[in-house]
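K.L.:
Sequence first, predicted coordinates after that:
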Protein chains: 2
Amino acid sequence: MATMHRIQVTGLQLFYSKGYYNTSVDDILKELNLSKGAFYYHFESKEDFFVQIIQNLMARKVYSTLIEPLEGHENPLNLITACFDNAMETAVHNDMDYGCILHNFIAEFNGKNDVIMQHLNEIVTVWEVNLITALQKGKFNGFLDRHVDCEAVTTFLMSSYFGVRTLMVGSSPSAKKYRFMAQLRQYFKSLEPKAVTT
Amino acid sequence: MATMHRIQVTGLQLFYSKGYYNTSVDDILKELNLSKGAFYYHFESKEDFFVQIIQNLMARKVYSTLIEPLEGHENPLNLITACFDNAMETAVHNDMDYGCILHNFIAEFNGKNDVIMQHLNEIVTVWEVNLITALQKGKFNGFLDRHVDCEAVTTFLMSSYFGVRTLMVGSSPSAKKYRFMAQLRQYFKSLEPKAVTT
DNA sequence: GGTCTAACCGACCATATGGTCTATTCAAAG
DNA sequence: CTTTGAATAGACCATATGGTCGGTTAGACC
């Protein structure tokens, strides 16, 4: 694995677990037994470094766990349910889980660093668009009631997912996941088509 | 206003807007035209300082905006709806909004500082307990269906609230609020008692 | 072998940070 | 008037941090 890539990987790991501002470049280099020279040969600054991590690693991760699973012609409500279930199950079995990566950094940079926020928001938007599209397709295919507001559902879904992932870090993540999923299904049921009065 | 209290107030302001690790003690003192001496006369350390802020200011704020509004014998679903609506409306009209204070710090300290996390979790638990209690009372009074799992609903509510508040910081908070509230009502409708087959 | 250069080393720098400590102010108590 | 002690000032310290820069290594190419 190329050095540049290795630095990014451990960089993301540390930023994720300790926070961006609370992680020094030296921390990352110590972990890799590398020197300052190696780092600043590959990256212009700590910020530039993080932006690259966002584009290279985070974007891909979000895509593979939250967006790709939405593809398919089945009921999008089922796809989303399975997608969330999977993502949360992975978190439950990961004792190094600190919540949704994307969301954590958004919380850390909101109103603090516009450059980074822009890049993070790009990923959020991609997710949002894909969710909306999947729901609209589902509506078209008769899986959702005609009156469902797909944008609103998406906002609600993104919010709740971001939130649980944070709550799950605290205690009994497995219980939290179970409860969350149960209510998600309850909510989804209310989006199904109402009995048609032909 | 006593100096100690003033330091806490501006301290919370800065911690909230810039993050704990990204705000130095000097930043706070500069804002107040105070010296290090004044600070370390009143507080043992930066961490002790923040713990006191949590107990003195944050706990009260969370209580007044998220817990107190739950009191009353009406339908808890309505109380919660009004409570969230109010909290979000305040955020919409605050251009210095950076999301839910409580949640932001939880995100920042999760897995990073156990001492602080303990104090933050205490507040979360109080909120959780009060939500559960309100819902259970509502169930007893026939506002909720018998089969509703109050703990699960609470988890779902806390999650989604934390999440939106973060999303609202990004763009068009008013639209996000509107969409969120609409879906919350939709979800709440599904918790109402089913037609009783006497 | 000689040259070139990407990749990396590590000493160094200016600044910032949490925290300490002595000195000073000032009002109330005696 | 003196004493006392809470409250504040600000110089000082050890350490950490982001970043710079001249030097070294090792392989590719001639």
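P.N.:
Structure's in. What do you need?
K.L.:
tell me the SS of residue A:145?
P.N.:
Put simply, residue A:145 is coil when judged by DSSP: H, G, I helix; E, B strand; the rest coil.
K.L.:
which residues sit in contact with it?
P.N.:
Contacts of residue A:145 were listed using Cβ atoms under 8 Å, 6 or more residues apart in numbering or on different chains, and they are A:139, A:191-194. Yep, even glycine has a C-beta here, placed from its N, CA and C like the rest.
K.L.:
Looking at chain A, which residue is nearest DNA strand C?
P.N.:
Per Cβ to the nearest atom of the strand, the residue of chain A with the smallest distance to DNA strand C is residue A:37, at 1.7 Å.
K.L.:
Around that residue, count how many other residues there are.
P.N.:
Burial of residue A:37 is recorded as 9 neighbouring residues (other Cβ atoms under 10 Å in any protein chain shown).
K.L.:
do you know how far it is from residue A:119?
P.N.:
26 Å (Cβ to Cβ, to the nearest Å).
K.L.:
In chain A, where's the longest helix?
P.N.:
As assigned by DSSP state H, the longest helix anywhere in chain A is helix A:114-140.
K.L.:
Skip ahead from it and say which helix or strand is next.
P.N.:
The first helix or strand that comes after helix A:114-140 along the chain, using DSSP states H and E, is helix A:150-170.
K.L.:
Which is the succeeding secondary structure element to that next one?
P.N.:
Proceeding N to C from helix A:150-170, the next assigned helix or strand is helix A:173-189, under DSSP H and E.
K.L.:
on that earlier part again, from the contacts of residue A:145, list just the buried residues.
P.N.:
With neighbours counted using 16 or more other Cβ atoms under 10 Å in any protein chain shown, these contain these buried positions: A:139, A:191.
K.L.:
Could you list the domains of chain A?
P.N.:
Residue ranges for the domains of chain A, per automatic domain parsing: A:1-43, A:54-189.
K.L.:
Of all the ones you listed, which one is nearest DNA strand D?
P.N.:
The closest of the domains of chain A to DNA strand D is domain A:1-43. By Cβ to the nearest atom of the strand, the value is 3.1 Å.
K.L.:
Run the chain-centre distance for that closest one.
P.N.:
Taking Cα atoms, centre = their mean, to the nearest Å, one finds domain A:1-43 lying 22 Å from the centre of the chain it belongs to.
K.L.:
Next: stretch A:63-82.
P.N.:
Taking the mean of its C-alpha atoms, stretch A:63-82 sits 14 Å from the chain's own mean (Cα atoms, centre = their mean).
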